[in-house]
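Colleague: quick check, what structure comes out for this input:
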Amino acid sequence: MSNALRFLSVDAVERANSGHPGMPLGMADVATVLFTRHLKFDASHPNWPDRDRFILSNGHGSMLQYSLLHMLGYEGATIEELKRFRQLYSRAAGHPEFGYLPGIETTTGPLGQGLANSVGFALAERLLNSEFGDGIVDHRTWVFCGDGCLMEGVGQEAISLAGHLKLSKLTLVFDDNRTTIDGATSVSTSEDHAARFAAANWNVLFTDGHDHEDIDAAMEDAKRADRPTVIIARTRIGFGAPTKEGKAVVHGSPLGSKEVEGLRKNLKWHHPPFTVPANIREKWSIAGKRGSQIRADWERRLENSESSLKNEFSRRINGALPETLEDGVRAAIAETVDKAAAAPIRKGSLYATQVLAQSMPELIGGSADLTGSVLTKPEGMQVVVPGNYSGKHVGYGIREHIMAAAMNGIALHGGLLPYGGTYLTFSDYSRPAIRLAAIMDIKVVFLFSHDSIGVGEDGPTHQPVEHLAALRAIPNLRVYRPADGVEALECWYDAVSHKGPSAMVVARQSVGSARLTHRTDMPSRRGGYVLHEAKAKRDVTLVATGSEVSLALQTKALLDQKSVDAAVVSLPCWECFDNQDAAYRDVVLGDAPRFAIEAASPMGWGRYVGSEENMYGVQGFGISGPGPEVYAEMGLTPEVLAKKIADRLGEPQAAST
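Modeller: Reported below is the predicted structural model:
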């Protein structure tokens, strides 16, 4: 059975003339034991909610997973797809891609991200178990990883957090082949992995990665542990290859026809490429159906559960929003308009999460040790503590990498909607996970505060400048920058209503209320709207986001005194605005000269104002000093802006686009 996986993997890599045969050859025995004896799943119902999750963190070994899916009978994992490995539009992509084939729980490939996702998967299981009980939620998360996942910094963050939270249903199998692309691991590391895991409160086990009974015993021990387990499986990369076994060359290149011929001889596999004998296929088919009765029993338990519990669980797993949510948001918007007052936008964001949490028990907050600064924890939201998972707010510690990646895992698990916060300048630490969330199109909200030079005294290291442009450059990510508490409510509601990922970016400093009138259409959800129209025909349109909307309104007032009739457009989400029809966008932006105001890099603004020269922002980095003085030093005051715009209007303007 293990050799069937080996040769399907090797044959696919050979046909593609591209791929990584070493890991599938080395880990086929471990995979066989896991899927035939321990993993709880049913290949005919791949999305069964109480299935065990399997994550291939060392995703370069993707052919091992595709071979497993094929042999187990997962729909779509056909022999034809394996033959098209790494070809254009093949479902057997170069690395496992979420949504391409059933049974792939997350997109992996960037090393360490799958391991980090697994912490979110395991945490989500415990959080849901605390709500719905053992009869409905009781499963494990199994992960394969290699040296690369443990070398990446996010890997250490994942190990540390999982051990702290005592995620006992998480088992990591470390492919200890002591080989990387550059050669033996001794080239770059000499650490004691067992001691490292033990220090982080993990259960540490060892096994011979090619001895099925030894592997089985280790996995049984892991299932009895009261904390996360790492099984250090000593394997040989390229197992069976006559001249390449144990060598770096087998990691990422096809074996070549002569080596494959020798491999077939060594492992006594005398079958043509992509051919598996019927008796071996039958054994794998039986393994694929092994969990069918367990799944059927679970379905009966759910069906016989109290109707309120059953309905709520089903709603959560299906990702449907609560019926009370919209009314709650609308009531909060009306109250916020009526009580308009200057306030930090981060406080408006906090209030929005509190409103959402009242209707959404699936909302899981968190912070990278900045709960009181980013304001991620609404009143009454309890903290998750080791061994007690009834809380809704996760203390990720000073670990932005794992926070973002774990949130992806929570979202992918299903039944929960995660958000977590840090400073915008540290979004760089979260960027790999944000990018993967966008690739996978999963619902997760990355919350960032302290969003501009308004941070002031903390200086250039903490004053984000290029970060908005960098986030907006990620395809399929909605980046929101609300202007006040009303827009924060609308943007948050849009984010949780949207199927994909969002970045919520909010200011630390206090600003005046921008929305002073009631609007039932929640215009922020369209990405951009006319906040304040010109008195007559527009002479100019001022476009702004976030805290600079208040600055644009003050600038408009001064332009009015100069007999320049200005309209102010709030543009909280470029991606939402770009999704509107052209007629709407044209009405909002108008045909008068346009100028943008945002305390950030001007990159990208040309699409709305005709030229990045028409955007008043920040060139270079920030400067240390009180926030208002930094704004003044950068020329971002109403007086300076009004004069510059009035002077520019006296010059010929490039046509806005």
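
Colleague: okay, now Lys310: neighbour count?
Modeller: Lys310: 16 surrounding residues under other Cβ atoms under 10 Å. C-beta here means a position set from N, CA and C on the backbone, and glycine is covered the same way.

Colleague: centre of the chain to the strand or helix carrying it, how far?
Modeller: Lys310 is part of helix 307-318 when elements are defined by DSSP states H and E. Relative to its chain's centre, helix 307-318 lies at 24 Å (Cα atoms, centre = their mean, to the nearest Å).

Colleague: and that helix, what other elements does it pack with?
Modeller: Secondary-structure packing of helix 307-318 (3 or more Cβ pairs under 8 Å, 6 or more residues apart in numbering; DSSP states H and E): helix 113-132, helix 292-303.

Colleague: can you name the element that comes right after that helix?
Modeller: As assigned by DSSP H and E, the chain's next helix or strand after helix 307-318 is helix 325-338.

Colleague: so how far is that following helix off the chain centroid?
Modeller: That offset, for helix 325-338, works out to 29 Å (Cα atoms, centre = their mean).

Colleague: quick one: mean pLDDT for that helix?
Modeller: Helix 325-338 carries an average pLDDT of 97.

Colleague: with only the CA atoms kept, save it in CSV.
Modeller: Extracted in CSV, the C-alpha atoms of helix 325-338 (Å, rounded to 0.1, in the frame of the first residue of the first chain):
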residue,chain,number,x,y,z
LEU,A,325,-27.5,40.8,12.9
GLU,A,326,-28.6,43.5,10.4
ASP,A,327,-31.2,45.0,12.7
GLY,A,328,-28.6,45.2,15.5
VAL,A,329,-26.1,47.0,13.3
ARG,A,330,-28.7,49.4,11.9
ALA,A,331,-29.8,50.3,15.5
ALA,A,332,-26.2,50.9,16.5
ILE,A,333,-25.6,53.1,13.4
ALA,A,334,-28.7,55.2,14.3
GLU,A,335,-27.5,55.6,17.9
THR,A,336,-24.0,56.6,16.8
VAL,A,337,-25.3,59.2,14.4
ASP,A,338,-27.5,60.7,17.2
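
Colleague: only the buried residues of that helix, if you could.
Modeller: The neighbour-count check on helix 325-338 (16 or more other Cβ atoms under 10 Å) flags Leu325, Gly328, Val329, Arg330, Ala332, Ile333, Thr336, Val337 as buried.

Colleague: adding distance to Gln65, write the residues you listed out as TSV.
Modeller: Output for these, formatted as TSV (distance: Cβ to Cβ, whole Å):
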residue	distance to Gln65
Leu325	37
Gly328	42
Val329	41
Arg330	46
Ala332	45
Ile333	46
Thr336	49
Val337	52
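
Colleague: that older thread, for Met407, which of the helices and strands packed on helix 307-318 is the nearest?
Modeller: Nearest to Met407, of all those, is helix 113-132, at 6.1 Å by Cβ to Cβ.

Colleague: whichever helix or strand comes after that closest one pairs with which strands?
Modeller: For helix 113-132, the following helix or strand on the C-terminal side (DSSP H and E) is strand 141-145. Using DSSP bridges, the strands paired with strand 141-145 are strand 53-56 (parallel), strand 170-176 (parallel).

Colleague: give me the angle between strand 141-145 and helix 113-132.
Modeller: Put simply, strand 141-145 runs at 170 degrees to helix 113-132, going by axes from the mean of the first three to the mean of the last three Cα atoms, to 10 degrees.

Colleague: quick revisit: out of the strands paired with strand 141-145, nearest to Arg526?
Modeller: strand 53-56 (37.3 Å).

Colleague: contact partners of that closest one?
Modeller: For strand 53-56, the surrounding residues in contact (Cβ atoms under 8 Å, 6 or more residues apart in numbering) are 34-35, 39, 41, 62, 64-65, 96, 103, 105-106, 108, 114-115, 117-118, 121, 139-144, 413.

Colleague: for Ser449, grab phi and psi.
Modeller: Per-residue torsions, Ser449: phi -110, psi -170 (degrees, to the nearest 10).

Colleague: still on that earlier bit, export the helices and strands packed on helix 307-318 as JSON lines, with columns for mean neighbour count.
Modeller: What follows is these, written out as JSON lines (neighbours: other Cβ atoms under 10 Å):
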{"stretch": "helix 113-132", "mean neighbour count": "27"}
{"stretch": "helix 292-303", "mean neighbour count": "14"}
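
Colleague: keeping just the C-alphas, turn stretch 513-523 into CSV.
Modeller: Taking Å, rounded to 0.1, in the frame of the first residue of the first chain, the C-alpha atoms of stretch 513-523 are listed here in CSV:
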residue,chain,number,x,y,z
SER,A,513,-17.7,62.5,13.4
ALA,A,514,-17.9,62.5,9.6
ARG,A,515,-21.5,61.2,9.2
LEU,A,516,-24.0,63.5,10.9
THR,A,517,-27.1,62.4,9.0
HIS,A,518,-29.1,59.2,8.9
ARG,A,519,-28.7,57.0,5.8
THR,A,520,-30.4,53.7,5.5
ASP,A,521,-28.3,52.5,2.6
MET,A,522,-25.1,51.9,4.6
PRO,A,523,-23.0,53.7,1.9
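
Colleague: and that stretch, which residues are buried?
Modeller: Ser513, Ala514, Arg515, Met522, Pro523.

Colleague: likewise for stretch 306-321?
Modeller: Residues Lys310, Glu312, Phe313, Arg316, Ile317, Leu321 are the ones in stretch 306-321 that count as buried (16+ other Cβ under 10 Å).

Colleague: what sits against the first one?
Modeller: Neighbouring residues of Lys310 by Cβ under 8 Å, 6+ apart: Leu302, Glu303.

Colleague: check what pLDDT it gets.
Modeller: Here the pLDDT value assigned to Lys310 is 97.

Colleague: farthest pair within the buried residues of stretch 513-523?
Modeller: Greatest spatial distance in these: Ser513 and Met522, 16.2 Å, computed using Cβ to Cβ.

Colleague: and which of the buried residues of stretch 306-321 is nearest to Thr235?
Modeller: Distance to Thr235 across these (Cβ to Cβ) is lowest for Ile317, with 36.2 Å.

Colleague: what's downstream of the helix or strand encompassing Glu213, the next helix or strand?
Modeller: For Glu213, the host element (DSSP H and E) is helix 212-223. Note on helix 212-223: by DSSP H and E, the next helix or strand toward the C-terminus is strand 229-234.

Colleague: buried ones in stretch 607-620?
Modeller: Taking 16+ other Cβ under 10 Å as the criterion, stretch 607-620 shows Tyr608, Val609, Gly610, Asn614, Met615, Tyr616, Gly617, Val618 as buried.

Colleague: I figured the first one hits Ala596, correct?
Modeller: Just to be clear, that refers to Tyr608. Yes: the criterion here is Cβ atoms under 8 Å, and Tyr608 meets it with Ala596 at 6.4 Å.

Colleague: common neighbours of these two, please.
Modeller: Val543.

Colleague: next, the angle from the helix holding Glu213 to strand 229-234.
Modeller: 160 degrees.

Colleague: how about stretch 630-649: buried residues?
Modeller: 630-631, 634, 636-638, 640-643, 645-646, 649.

Colleague: pLDDT weak spots in the chain?
Modeller: Low-confidence segments of the chain (pLDDT under 70): 651-657.

Colleague: do that again at 90, thanks
Modeller: By pLDDT under 90, the low-scoring segments of the chain are 650-657.

Colleague: sorry, back to before: any chance of the helices and strands packed on helix 307-318 in TSV, plus distance to Asn476?
Modeller: Below are the helices and strands packed on helix 307-318 laid out as TSV (distance: least, Cβ to Cβ, whole Å):
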stretch	distance to Asn476
helix 113-132	17
helix 292-303	33
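
Colleague: Glu220 is nearest to which of the ones you listed?
Modeller: The nearest among the helices and strands packed on helix 307-318, by Cβ to Cβ, is helix 292-303 at 17.3 Å.

Colleague: what lies in contact with that closest one?
Modeller: Residues from elsewhere that reach helix 292-303, judged by Cβ under 8 Å, 6+ apart: Lys40, Asp42, Ser44, His45, Trp48, Asp50, Arg51, Gly135, Ile136, Lys310, Phe313.
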